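K.L.:
Model the following, please.
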Amino acid sequence: MANQVQDLTPDEVSKGVAEGRYLLVDVREPNEVDAEAYPYGVVVPLSTFDPKAIPDPQGKEVVFACRSGKRSVTASLAAQAAGLPYDKHLAGGMLGWKQAGLDYITKNQ
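P.N.:
Numbering: from 1, shown residues only. Model (predicted):
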């Protein structure tokens with residue numbers, strides 16, 4: 001059975017996180033997250049990605065996110081290869097999130 005990754009829109013992910021249905025796992029690097037972060041995102045950088053480092057979602061569905069939607073697919077496939085049922089990602093990543101007008105966190109440089 002081939003691994004697949006389901007695309008979710010920024011609005012779907014934002015609503016799912018707000019409703020407590022999704023755990024957003026940001027696989028960008030710390031310097032990227034320092035510049036702009038998803039609200040309520042958990043950071044597990046792809047450069048050192050270990051599916052075991054993902055916190056227990058406690059009944060929530062895991063949704064991976066990155067800058068544009070490429071690394072999040074890679075992370076989802078890696079998690080599936082490790083036997084985890086994490087098959088969702090934020091299509092468009094942070095770029096799509098911002099384009100949709102959703103809130104994000106910025107830190108002063």
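K.L.:
per-residue confidence averaged over stretch 96-104?
P.N.:
Stretch 96-104 carries an average pLDDT of 97.
K.L.:
With stretch 18-31 instead?
P.N.:
97.
K.L.:
Then stretch 73-82?
P.N.:
96.
K.L.:
List the buried residues in it.
P.N.:
The neighbour-count check on stretch 73-82 (16 or more other C-beta atoms under 10 Å) flags Val73, Thr74, Ala75, Ser76, Leu77, Ala78, Ala79, Gln80 as buried. Where C-beta positions appear, they are placed from N, C-alpha and C, glycine not excepted.
K.L.:
again with stretch 83-93
P.N.:
Of all the residues in stretch 83-93, those buried under the rule 16+ other C-beta under 10 Å are Tyr86, Asp87, Lys88, His89, Leu90, Ala91, Gly92, Gly93.
K.L.:
Among the residues you listed, which pair sits farthest apart?
P.N.:
Tyr86 and Gly92 (18.4 Å; C-beta to C-beta).
K.L.:
Show me what the longest helix seen in the chain is packed against.
P.N.:
As assigned by DSSP state H, the longest helix anywhere in the chain is helix 71-81. Secondary-structure packing of helix 71-81 (3 or more C-beta pairs under 8 Å, 6 or more residues apart in numbering; DSSP states H and E): strand 61-65, strand 88-90.
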